[in-house]
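> just coords:
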């Protein structure tokens, strides 16, 4: 299932997403509600593992448009749609025909 809008997770049950279309990252990303994400982050900090924790040890509450659900179920509130969403901004950049000078030019 492809997500059509940007949103924040309100409820999640083993929810993982594929964000490779947006970030290039091929690893599945765990998603959960904000309170669970903050608790996981605080636990890692309290255990002194802040500098050794992997980037996917703390789940994320944000879901971007253009990403796909790989596993689980969830409920999200839509916060951004259309041209203002992550996918919409990328599409607008690709549609623009302005050629900007690069820093080397």
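Structure received. What you see is a predicted model; the values in this text were computed from it and never measured.
> pLDDT weak spots in the chain?
Of all residues in the chain, none has pLDDT under 70.
> mind listing the strands for it?
Along the chain, counting by DSSP state E, strands occupy 6-18, 29-31, 62-63, 68-80.
> a markdown table for those strands, including distance to residue 47 and mean neighbour count?
Quick note: C-beta positions are derived from backbone N, CA and C, even for glycine. Listed next are these as a markdown table, based on distance: least, CB to CB, whole Å; neighbours: other CB atoms under 10 Å:
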| stretch | distance to residue 47 | mean neighbour count |
| --- | --- | --- |
| strand 6-18 | 23 | 18 |
| strand 29-31 | 18 | 22 |
| strand 62-63 | 24 | 21 |
| strand 68-80 | 26 | 14 |
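> any chance of JSON lines for the ones you listed, columns distance to residue 42?
Formatted as JSON lines, the strands of the chain follow (distance: least, CB to CB, whole Å):
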{"stretch": "strand 6-18", "distance to residue 42": "18"}
{"stretch": "strand 29-31", "distance to residue 42": "16"}
{"stretch": "strand 62-63", "distance to residue 42": "18"}
{"stretch": "strand 68-80", "distance to residue 42": "22"}
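> select, out of these, the one closest to residue 52.
Among the strands of the chain, the nearest to residue 52 by CB to CB is strand 29-31 (18.2 Å).
> ok, residues contacting the closest one?
Here strand 29-31 makes contact (CB atoms under 8 Å, 6 or more residues apart in numbering) with 9, 12, 15-19, 56, 59-63, 72, 74.
> how about 10 Å then?
If you take CB atoms under 10 Å, 6 or more residues apart in numbering as the criterion, strand 29-31 is touched by 8-9, 12, 14-20, 23, 36-37, 40, 55-64, 67, 69-72, 74, 76.
> what about the closest residue to residue 25 other than its chain neighbours, neighbour count?
Spatial nearest neighbour of residue 25, excluding adjacent residues (CB to CB, 6 or more residues apart in numbering): residue 19 at 5.8 Å. Close neighbours of residue 19, defined as other CB atoms under 10 Å, add up to 24.
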